[in-house]
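Visitor: below is the structure, and that's it, no one-letter string:
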């Protein structure tokens, strides 16, 4: 029985509480509907504003000040629906608009609206991916999407198994753990003290999660060797081979090499074919961390950068990066049949019963280190359907064109200097050199530059008009790393950034 | 410029594509708005139906049949907005309604609508929890909510640190890894071969993720000892002490004890105070896996069941269980100042710079084994604000009353038998004995019962009117485990379940 009109309900929001909603009040449908629609209105305004260039990317406040602007406390008595709507609005207003076309700060950016719709539906369906029993459609969907991704990697039609994981770091952990189990299955029952001292290899520019996995797995970060890179940031295969030989001599057991397809800072692609050859020669596991670069497999024009990935024993690929999915959407692929299961199953018969009224091979719980596992596939599936293979090809190629445009432009613009002349991907690394530094001797200029990027960034965050990250790299002073990964970004947005930095810093 | 009316846009859905939405078409606001509102209409219908008892919990189809009912393929060309809406509707229609008031199958169930609204907003904000820079409000919110939870655990005002993790299994992994680092910080650089052989302890009824963590960390599942339980499923402290002494004699290093507050099957609470005493006596780390039971800390009437938790060195607590949050929402709490950071930081200066224009102590990336980390706090915060402390108290106490009601009722109903006479929590474990088995000798009856629960479950899934899980336990034949954790559930729903099972199975 719906007793009120929409207007009446809205007027009463200050007196209504969650207990008036349908789940706990069977007469509360109207209240539910109007409340949820009001939430959606707030979200729609946010999306509209975000796509308007005159909206700031952020309004920066230091933590102490932010705490004064927003009330975060958990109350004794429940708040009214009106107060909840207000909370929601405030929180969004004070956040950083990672979907803004001028947000270049992170690899994960942009807000794909179909993907977002999929995530809304995921929330409403609120299920758990561990069994077919309670996630029949999503389990099948995950299989379908996994198969498509495996095909793109280039493994055979019956090869490979995969699982969605909460982020690339954990996907890399899965890969390293699977590799260990592959060589030393006794480690699972008996532990590391029962097997030789393992060591692994990745480039010095690789993501820190490889070292992190070595720490968690009990291999030790000192046994994770950083291989030097060339001037483009690509692993030097000869150096890898030399290190493997050295480790063997020292009595270590080289079991795992992680090549990177799209490094975090420079967007470099390690030479996969040569690394695959070395892995084959020495019998080590060949992992490709394509968390960032994996999406290039969708571009017939650019997928050559990942040539050799089809020889990998495992692959990490995060659709929440180049494919533009909302966070989190990451996958770990293991080539060898059954290994994911053998590595991770703990015989929890009380959860994964074998006498169910359907084929329990569809259950995924025994292949995961998680028990409850979020549905990360629906949003990706819906988005992928919206674009099709063609749409992704166009979208990704366009982003690479934009990166080229930006690179060409700053090369011609006074004050800008490239850190690496010709970027291979969507990371463009550069310095901006204020006027008074330009004629200094190189050494002094570099020393001064160290403080320039943080200073520009500080001003940029105060203005809030755009956002781009910076970092140092060994002996290289702080430089900016621009990420072009939001399909909403246009050439004009890139022009804007170039001018904005000049405006902030020319006389710095 | 909005060129079309709502009706015109709707009529054109079959010709419109994602490229017509605002992110890639600056004239596409109307299309965006209408499309997203249509998605919301689908979700609202789903919610309305779900709260209507005449709607089925599921329509069961075997995987092969399901694949015929739904088209899951990824197309070459992108699909129209109309086709996307259709996809979305189909997927929801064929899924399992985990929020249905008669879904008793899983610990995580129910659909809190305020929490869901928070999750919608999370999707729209689409940010990453690793730095204050891009998640200023959510980082502060996480701190606030963590502090509240730590206060409830009972640690001191300056004690304890925590992080949201993707599920309880990974929260337990954090705890065990922190414990290892606490005793043997050299393991992080040098690996397990540099330290004594570790061993850990948990009850035989504990969640399998404790064993799983021992496997991942390279400790070995054989070094994770299962301690016997009493007839209520609670760890026997004397048996724990004996096992610790035994392990020491054998040269193992007992470093970690995990007590469970709310076991998965029986909902038992281990005697925390006695276990804490033993841990203190032998210098081992005291972890409490309160993934399921942690929410009881919100009930002044029932929190006594967790007495002693304040002495824990670490705690796992999943708000996506008793607190009713959407999946995923789990937290790992570590009592010792700085340990989470010391254990997990990998000095990734290229991501977590120290010269930022704000206090970088607010960045969380260095305390996590994840790099990108989902925002799991907004939905919890919004829901908690909606209920306040009072609302949770009422909600949780009511659920416990319902469990008592159900227990009393089936004890009086012919054919039902309790597995454990007096449940301590919201898990009610029982058999239903069909008429023709009732007078059999106990041994034969038990042997026959093994096949009854799966058979009932099969029929129940075909009917689709309700859903409850079953499992065996060592020598105990398959029994049902009812979970009462959806605030939408009423006494009538429980009565319905009791009758439905009788109807299905009385003559089985």
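Guide: Received the coordinates, thanks. The structure presented is a predicted model; accordingly, all values stated were derived computationally and were not measured.
Visitor: hang on, residue A:260 in a strand?
Guide: Yes. Assignment of residue A:260 by DSSP: H, G, I helix; E, B strand; the rest coil places it within a strand.
Visitor: so it sits right up against residue A:235, yeah?
Guide: Yes. Look at residue A:260 against residue A:235 with Cβ atoms under 8 Å: they come within range, at 7.3 Å. To be clear about C-beta, it is placed using only N, CA and C from the backbone, and glycine gets the same treatment.
Visitor: which residues do the two both contact?
Guide: A:202-203, A:205, A:270 (Cβ atoms under 8 Å, 6 or more residues apart in numbering or on different chains).
Visitor: chain B: which of the residues you listed is nearest?
Guide: Of all the shared contacts of residue A:260 and residue A:235, residue A:205 has the smallest distance to chain B: 8.9 Å, by Cβ to the nearest Cβ.
Visitor: and the pLDDT for that closest one?
Guide: Looking at residue A:205, its pLDDT is 96.
Visitor: what do you get for residue A:91?
Guide: So, for residue A:91, pLDDT stands at 96.
Visitor: just to be sure, it is in a helix?
Guide: Yes. Residue A:91: assigned to a helix according to three-state DSSP.
Visitor: number of nearby residues for it?
Guide: 22 (other Cβ atoms under 10 Å in any protein chain shown).
Visitor: am I right that it is in contact with residue A:70?
Guide: Yes. Using Cβ under 8 Å, residue A:91 is in contact with residue A:70, at 7.2 Å.
Visitor: what residues are shared contacts of those two?
Guide: If you check residue A:91 and residue A:70 against Cβ under 8 Å, 6+ apart, the residues they both contact are residue B:137.
Visitor: distance of the residue in the stretch 401-508 of chain A that chain B sits nearest to from residue A:65?
Guide: Chain B sits closest to residue A:458 of the stretch 401-508 of chain A, with a gap of 3.6 Å, by Cβ to the nearest Cβ. In this view, residue A:458 and residue A:65 are 15 Å apart by Cβ to Cβ, to the nearest Å.
Visitor: of those two, which one has the most company?
Guide: Using other Cβ under 10 Å as the criterion, residue A:458 and residue A:65 rank with residue A:458 on top: 15 against 9.
Visitor: pretty sure residue A:43 is in a helix, no?
Guide: Yes. Secondary structure assignment places residue A:43 in a helix (three-state DSSP).
Visitor: wait, isn't it in contact with residue B:126?
Guide: No. Residue A:43 lies out of contact with residue B:126 (Cβ under 8 Å); the separation is 11.2 Å.
Visitor: just give the closest residue to residue A:235, not the sequence neighbours.
Guide: Among residues not flanking residue A:235 along the chain, residue A:203 sits closest, at 3.8 Å (Cβ to Cβ, 6 or more residues apart in numbering or on different chains).
Visitor: how about the one you found: which residues does it bridge to?
Guide: residue A:227 (DSSP bridges).
Visitor: so who does it touch?
Guide: A:226-229, A:233-235, A:259-260, A:263, A:270.
Visitor: quick check, nearest of the residues you listed to residue B:99?
Guide: Closest to residue B:99 out of the contacts of residue A:203 is residue A:260 (41.4 Å), distances taken as Cβ to Cβ.
Visitor: list the buried residues of stretch A:147-157.
Guide: A:147, A:149-150, A:152-155 (16 or more other Cβ atoms under 10 Å in any protein chain shown).
Visitor: what of stretch A:37-45?
Guide: By 16+ other Cβ under 10 Å, the buried positions in stretch A:37-45 come out as A:37-40, A:42-44.
Visitor: what about whichever residue of the stretch 301-450 of chain A sits closest to chain B, how many residues close to it?
Guide: Taking Cβ to the nearest Cβ, chain B has its nearest neighbour within the stretch 301-450 of chain A at residue A:357, 3.6 Å off. By other Cβ under 10 Å, the residues close to residue A:357 number 16.
Visitor: and residue A:255, that's in a helix?
Guide: No. Under three-state DSSP, residue A:255 falls outside any helix and is assigned strand.
Visitor: and the residue of the stretch 401-508 of chain A closest to chain B, which of the three is it?
Guide: Residue A:458 ends up helix, using three-state DSSP.
Visitor: which one is it nearest to, not counting chain neighbours?
Guide: In space, residue A:458 is closest to residue B:357, 3.6 Å off (Cβ to Cβ, 6+ apart).
Visitor: pLDDT score for the one you found?
Guide: 81.
Visitor: list the contacts of it.
Guide: Residue B:357 neighbours (Cβ under 8 Å, 6+ apart): A:454, A:457-458, A:461.
Visitor: just among the residues you listed, which is most surrounded?
Guide: residue A:457 (24 neighbours).
Visitor: close to chain B: what parts of the stretch 201-350 of chain A are there?
Guide: With Cβ under 8 Å from any Cβ of the partner chain as the criterion, the stretch 201-350 of chain A meets chain B at residues A:207-209, A:211-212, A:214-223, A:264-265, A:318, A:320, A:326-328, A:330, A:344, A:346-350.
Visitor: which ones among the residues you listed map onto helices?
Guide: Cross-referencing these against helices under DSSP state H gives A:209, A:211-212, A:214-216, A:344.
Visitor: which members of the residues you listed are the farthest-apart pair?
Guide: Based on Cβ to Cβ, the longest span within those runs between A:211 and A:344 and measures 21.9 Å.
Visitor: hang on, the earlier thing: can I get the contacts of residue B:357 in JSON lines with pLDDT?
Guide: Listed next are the contacts of residue B:357 as JSON lines, based on pLDDT from 0 to 100:
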{"residue": "A:454", "pLDDT": "94"}
{"residue": "A:457", "pLDDT": "94"}
{"residue": "A:458", "pLDDT": "93"}
{"residue": "A:461", "pLDDT": "93"}
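Visitor: out of the buried residues of stretch A:37-45, which is nearest to residue A:473?
Guide: Taking Cβ to Cβ as the measure, residue A:473 lies nearest residue A:43 of these, at 38.6 Å.
Visitor: circling back to that earlier point, so which of the shared contacts of residue A:260 and residue A:235 is the most crowded?
Guide: Neighbour-wise, the shared contacts of residue A:260 and residue A:235 (other Cβ under 10 Å) top out at residue A:270, 31 neighbours.
Visitor: neighbouring contacts of stretch A:395-406?
Guide: By Cβ under 8 Å, 6+ apart, stretch A:395-406 touches A:295-296, A:298-299, A:301-302, A:322, A:324, A:387, A:423, A:425-426, A:428, A:482, A:484-485, A:487, A:489-491, A:494, A:498.
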